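Asks: Pasting the sequence and the predicted coordinates here, then a few questions.
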Amino acid sequence: MKVKGEMSEEKPSTNQESNLHDGKSTAIIAYIPIFGIIIALVKNKEEKCPFTSFHIRQVFGIYCTGFLIMMLAFIPKLGMIIHFLGVIFVVLLWVLGLISAVNGEMKKVFILGAFFQKWFKEIK
């Protein structure tokens, strides 16, 4: 008998736990530089997982941001300063995204995460 206001914990079924674990593993793989996102995209294409798709969009946005910041390094003097600060920012985003994936959370990365989800919504 349930008492009003009492919270009941429902444990996911074994199949749901397995799917979350597989999706979590693939999401973590996506954060491995260069080949990780390719592996995650291929693996997620076989079995769609919203959790994995979320993190693939996040990491793809982080990598695109890193590429754009790398291009700023070619601007004399000011570009080098912006590049240095930008690299620190991109590494911070990458670490926050990875921690979110490891913890099984769909937490958007600082500042740009909502834009990444919107811009790369075709990645499913």
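Replies: Thanks, I have it.

Asks: tell me the mean pLDDT over the biggest helix by length in the chain?
Replies: Identified as the longest helix of the chain according to DSSP state H is helix 78-102. Summarised as a single mean, pLDDT over helix 78-102 is 93.

Asks: Contacts for the helix or strand following it, please.
Replies: Toward the C-terminal end, the helix or strand that comes next after helix 78-102 (DSSP states H and E) is helix 113-119. Contacts to helix 113-119, defined as Cβ atoms under 8 Å, 6 or more residues apart in numbering, come from residues 54, 57, 58, 60, 61, 62, 97, 107, 108, 109. (Glycine included, C-beta is placed from N, CA and C.)

Asks: Pull out the buried residues from the residues you listed.
Replies: 54, 57, 58, 60, 61, 62, 97, 108, 109 (16 or more other Cβ atoms under 10 Å).

Asks: and the gap between the second one and residue 121?
Replies: Think residue 57. Per Cβ to Cβ, to the nearest Å, residue 57 is found 7 Å from residue 121.

Asks: ok, residue 24 touching residue 106?
Replies: No: judged on Cβ atoms under 8 Å, residue 24 makes no contact with residue 106 at a distance of 10.8 Å.
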